[in-house]
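S.K.: Give the three-dimensional model of this entry:
(one chain, ligands or ions: 3)
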Amino acid sequence: MKILVFNAGSSSHKSSLYEVAGHLPTTAPEPLWEAQADWTKAQGKTDLTIKAHGQTTDQELATDTRTEVINQTLKTLWSGDTKVINDLSEIAVVGHRIVHGGPDFTASVHIDQHVKDSIQKLAVFAPLHNPANLEGIRTIEDLKHDILQVAVFDTSFHRQMPIEAKVYPGPYEWYEQDIQRYGFHGISHQYCARRSAQVLGKNVEELRLVNCHLGNGCSLAAIKNGRSVDTTMGFTPLEGLMMGTRSGSIDPSILIYLEREKGYNADKLDQMLNKQSGLKGISGISSDVRAIREGIRAGNQRAKLALDIFIHRLRSAIGSMVATLGGIDVLTFTGGIGEHDQATRASTCEAFGFLNLKIDQKKNNASPVDVDISTPDSAVRVLVIHTQEDWEIARECWHIVQKK
Ligand SMILES: Nc1ncnc2c1ncn2[C@@H]1O[C@H](COP(=O)(O)OP(=O)(O)O)[C@@H](O)[C@H]1O
Ligand SMILES: CC(=O)OP(=O)(O)O
Ligand SMILES: [Mg+2]
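M.R.: Numbers count the residues shown, from 1 in each chain. Ligands and ions are numbered 1, 2, ... in the order given. Coordinates of the predicted model:
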């Protein structure tokens, strides 16, 4: 069975094509084809990288319109050197990462008009994500109307969080109006929890895990008995940690002050908090940790401050998750920063010496993937896991096809 996956993040659009014959494999297989379009180029251009037949091909697309980028990406599936299928009818199911599922979606579902309407309605809460997710669904519909499409939600994994982790301490009416903590990156957190246990040869149910998903968007999940019991993102993917362009948690009075005294309106505040804050807002250079590290090497003080705040907030949020769990067995790093930036891992871990958490610097520096980088005498296992959201989505699709 061929499963196509769309994973639209805030800084990139990733797609993968998997072939699953018979049973689900226990580890993620290599996709037949993989594509990544990055939104970091100058306006009107997009970088596209395709992996197929064991080769990587880079292209520059003369567009930055999402639908057009998705269409051009898809064409490489059935044409040129990257061709892996004859046409779309070979694909049994298309799975989409949907970032905001609101209160209703506790599991993955087959996409129908009601599901599309819900994703549309929730777009106001995830403006960087849900509109992109819908465009992916519509692009596939335009190409082939009867193909089975499945929605896999970032929020589902957190829906069983205890109520005290879900309800904001505002008026109770907020909760009744669905203004509550949803949490995101659930597809990644779910995959990483299972994969961490697998790497350690343990059952996920017997571990207390803190999973650090550090990409362009960043969030932590505290996982116990294989379930999310707390997370740093909330009503929207803006709460919690400092991120690439998002502030994370701030005193809400700042917004009241800016509105009352400085004449800011909702659109301007939204733009400021979602796009002009975080690593980019503080450094003034970029949302990308690689560029910030370059800035630090060149002596840029704001670049240094940006990363110092990032680490300070990350450490304190991990501490809070450990308290919620009543201890910690496994600390997992994942996402673009978590997987690739060894200095972030090292300085985060340094703070947890008091828990007798120790990492092996050599292992940490060796660009590890799916390995334990802690020392044998560390009281906490520290893992670097390559998150495979696409595979997690493909697994969900496989289960839905089996049920049908
Ligand atoms: N080699 C690297 N070294 C340090 N940071 C990296 C590296 N590669 C990627 N990153 C960081 O990861 C971020 C992208 O993370 P990713 O998880 O791919 O993003 P998204 O949230 O869009 O899925 C980049 O903005 C950058 O900060
Ligand atoms: C929810 C979220 O922030 O996703 P991403 O990290 O892909 O932007
Ligand atoms: Mg991502």
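
S.K.: okay, CA-based contacts and neighbour counts for the rest of this
M.R.: OK.

S.K.: so what's the residue of the stretch 251-400 of the chain found nearest ligand 2 up against?
M.R.: Proximity to ligand 2, evaluated over the stretch 251-400 of the chain using Cα to the nearest ligand atom, is greatest for Gly335 at 8.0 Å. With contact taken as Cα atoms under 8 Å, 6 or more residues apart in numbering, Gly335 is in contact with His213, Leu214, Gly215, His386, Thr387.

S.K.: State the distance from it to Gly281.
M.R.: According to Cα to Cα, to the nearest Å, Gly335 stands 21 Å off from Gly281.

S.K.: repeat for Ser316
M.R.: 21 Å.

S.K.: can you check Asn364 too?
M.R.: Remark: distance between Asn364 and Gly281 (Cα to Cα) = 29 Å.

S.K.: Any residues of the stretch 101-250 of the chain in contact with ligand 2? List them.
M.R.: Residues of the stretch 101-250 of the chain found near ligand 2, taking Cα under 6 Å from any ligand atom as the criterion, are Phe184, His185, Gly215, Asn216, Gly217, Cys218, Pro237.

S.K.: In strands only, show me the residues you listed.
M.R.: Where these overlap with strands, as defined by DSSP state E, the overlap consists of Cys218.

S.K.: Quick check, central residue of the protein?
M.R.: When Cα atoms, centre = their mean is applied to the chain, the residue found nearest the centroid is His185 (4.3 Å).

S.K.: Excluding residues flanking it in the chain, which one is nearest it?
M.R.: Excluding its sequence neighbours, the residue lying closest to His185 (Cα to Cα, 6 or more residues apart in numbering) is Asp154, at 5.0 Å.

S.K.: gap between the one you found and ligand 1?
M.R.: In this structure, Asp154 and ligand 1 are 12 Å apart, going by Cα to the nearest ligand atom, to the nearest Å.

S.K.: Hmm, His96 and that residue touching each other?
M.R.: No - counting by Cα atoms under 8 Å, Asp154 stays clear of His96, with 10.3 Å between them.

S.K.: Overlap of the contact sets of these two?
M.R.: Between them, Asp154 and His96 share no neighbouring residue, with contact defined by Cα under 8 Å, 6+ apart.

S.K.: Whichever residue of the stretch 201-350 of the chain sits closest to ligand 2: neighbour count?
M.R.: When you check the stretch 201-350 of the chain against ligand 2 by Cα to the nearest ligand atom, the closest residue turns out to be Gly217, at 3.3 Å. Here the number of neighbours of Gly217 (other Cα atoms under 10 Å) works out to 24.

S.K.: try Leu143
M.R.: Burial measure for Leu143: 11 neighbouring residues, criterion other Cα under 10 Å.

S.K.: Over to Pro29?
M.R.: As a burial measure, the neighbour count of Pro29 was computed by other Cα under 10 Å and equals 12.

S.K.: who's in contact with the residue nearest to the centre of the chain?
M.R.: For His185, the contact set (Cα under 8 Å, 6+ apart) comprises Val99, Asp154, Thr155, His213, Ser219.

S.K.: Next up, phi/psi of it, please.
M.R.: In this entry, His185 is assigned phi and psi values of phi 60, psi 20 (degrees, to the nearest 10).

S.K.: what about the residue of the chain most remote from its centre, helix or strand, and which?
M.R.: Relative to the centre of the chain, and counting by Cα atoms, centre = their mean, the farthest-placed residue is Glu261 at 35.6 Å. For Glu261, the enclosing helix or strand under DSSP states H and E is helix 253-262.

S.K.: Only the buried residues of the longest helix anywhere in the chain, if you could.
M.R.: Ranked by residue count under DSSP state H, the longest helix found in the chain is helix 301-325. In terms of neighbour count (16 or more other Cα atoms under 10 Å), helix 301-325 has its buried residues at 302-304, 306-307, 309-311, 313-315, 317-322, 324-325.

S.K.: Ok, stretch 325-341 next?
M.R.: Applying a neighbour-count criterion of 16+ other Cα under 10 Å, the buried positions in stretch 325-341 are 325, 327-341.

S.K.: How many residues are close by Lys41?
M.R.: For Lys41, the count of nearby residues is 12 (other Cα under 10 Å).

S.K.: now Pro103, nearest residue through space, not along the chain?
M.R.: Excluding the flanking residues, the one nearest Pro103 by Cα to Cα, 6+ apart is Asp178, at 6.8 Å.
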